[in-house]
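A.B. asks: what would the 3D arrangement of this be:
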Amino acid sequence: MVASDEMPPTAASTYFSSYDDNYGDGPGLCEKDEVNNFGSWFLPLCYSFVFLLGLAGNILVLLVLLKYKRLKSMTDIYLLNLAISDLFFVFALPFWSYSVAVEWVFGDGLCKFFSWVYLTGFYSGIFFIMLMSIDRYLAVVHVVFALKARTVSYGTLTSLIVWLVAMAASVPGLVFSEAIPENNRIICRPSYPKNDMTWKLFTPLEFNILGLLVPFAVMSFCYTHILKALWHCRNENKKKAVKMIFVVMVVFFLFWTPYNIVLFLQCLHDVLIIEGCQISTNLDYAFQASQTLSFFHCCLNPVIYFCMGQKFKKYIRLLFKNNILYRTLCKPCGLPDTFLSELTGSSRTQSSSDEEAL
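C.D. replies: Numbering: from 1, shown residues only. Alright, predicted model coming up:
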């Protein structure tokens, strides 16, 4: 490694970065040109891809919910808010993408704003996934109580509470994020008080606790009891419900666990429990890769919560069938009137079965 008296600019510095650009390694600094060059093309490409997929998928979810589901149940309320959370999450990605590739040119105010928007979308999305787990738990395990508790009013109230908690958890991003000049470049990242590790360690630990440990505890409790209840309930849809639960659990932890592990390791590095320039560089690569993987989860939410459902595909086909462009291009191979009637009728009814809610 080459020692340097200056901190070289990094192409991979965004709000998401919890690591420093260089780490002390003896009297000199650890240069990370390879990490920065890799991030300058890898991160913008991934951010753009996630933005396009997440925007298209979640807007489609909103259209289906508002046009056909009509928000008649607690589940619909949570699905709507989950889609909005994912849109919050992806909203800032084009700006971060440009910042990574070039520099942050949008000023200090927008730096704070987009950091806050990203964190709010992150926390609210995870909280709504937890609420949906609780919703399924009530629908399957406490059927009688669910008739009173699983209402649109309670769904709206709990959603409001979730948004307030998510905004409160995002306050550090709003307070500490700044547009900082570094070697003729401007980057948007948290700027904590010097010689004070409290807030620098608090941010990743908050991610770990609210982003992984709490969801793991809640979802494990809910789905364990759901599986027990379904095991004693012999019906045709049990296998589908179990499959849905398995997919929700596996996908969530598969996409978010690596990111949280890297954040925790970074905390250990920050307090000098683990040291070394090579370790620092490896953590940077791992951070970029695991972060990108976690971002793709917001693109999969529409697939997880809808495409495995019984009616969503019908709603999608009906949505496009009523589109003028679709009618013009695909009328010769259109669906029969009987199928259209079935779709129209199904869009006016709200299923109350526990299996469909899963």
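
A.B. asks: drop to CA atoms for contacts and neighbour counts, all remaining ones
C.D. replies: OK.

A.B. asks: look up phi and psi at residue 105.
C.D. replies: Backbone torsions for residue 105, taken as degrees, to the nearest 10, come to phi -120, psi 10.

A.B. asks: what number of residues lie near the residue nearest to residue 87 when sequence neighbours are not counted?
C.D. replies: Here the nearest residue to residue 87 in space, its sequence neighbours aside, is residue 55; by C-alpha to C-alpha, 6 or more residues apart in numbering that works out to 6.3 Å. For residue 55, the tally of surrounding residues (other C-alpha atoms under 10 Å) stands at 21.

A.B. asks: report the buried residues of the helix or strand containing residue 55.
C.D. replies: Secondary-structure assignment from DSSP states H and E places residue 55 in helix 33-64. Burial within helix 33-64, assessed by neighbour count using 16 or more other C-alpha atoms under 10 Å, is assigned to 33, 35-36, 39-40, 42-44, 46-51, 53-55, 57-59, 61-62, 64.

A.B. asks: any idea of the mean pLDDT in that helix?
C.D. replies: The predicted model gives helix 33-64 an average pLDDT of 84.

A.B. asks: what's the answer for stretch 219-238, then?
C.D. replies: Confidence over stretch 219-238 (mean pLDDT, whole number) is 77.

A.B. asks: would you mark the buried spots in it?
C.D. replies: Neighbour counts over stretch 219-238 (16+ other C-alpha under 10 Å) mark 219, 222, 223, 225, 226, 227, 230, 238 as buried.

A.B. asks: quick one: residue 41 from residue 103, how far?
C.D. replies: Residue 41 sits 13 Å away from residue 103, going by C-alpha to C-alpha, to the nearest Å.

A.B. asks: before we move on, back to that, in strands, which of the buried residues of stretch 219-238 fall?
C.D. replies: Secondary structure defined by DSSP state E assigns none of the buried residues of stretch 219-238 to strands.

A.B. asks: among these, which are in helices?
C.D. replies: 219, 222, 223, 225, 226, 227, 230, 238 (DSSP state H).

A.B. asks: what two of these are the furthest from one another?
C.D. replies: Farthest pair in these (C-alpha to C-alpha) is 219 and 238. Separation: 18.8 Å.

A.B. asks: tell me what residue 189 is bridged to.
C.D. replies: Residue 189 has these beta-bridge partners by DSSP bridges: residue 178.

A.B. asks: what does the pLDDT read for it?
C.D. replies: Model confidence at residue 189, expressed as pLDDT, equals 85.

A.B. asks: count of neighbours near it?
C.D. replies: Considering only other C-alpha under 10 Å, residue 189 is surrounded by 22 other residues.

A.B. asks: ok, the spatially most central residue of the chain - contacts?
C.D. replies: Nearest to the centroid of the C-alpha atoms of the chain, with distances taken as C-alpha atoms, centre = their mean, sits residue 298, at 4.4 Å. Contacts for residue 298 (C-alpha atoms under 8 Å, 6 or more residues apart in numbering) come out as 54, 86, 89.

A.B. asks: give the next helix or strand downstream of the helix or strand in which it is found.
C.D. replies: When secondary structure is defined using DSSP H and E, the element that contains residue 298 is helix 297-302. The helix or strand immediately downstream of helix 297-302 is helix 312-321, counting by DSSP H and E.

A.B. asks: that following helix: which residues count as buried?
C.D. replies: Neighbour-count burial for helix 312-321, counted by 16+ other C-alpha under 10 Å, picks out 312, 314, 315, 316, 318, 319, 321.
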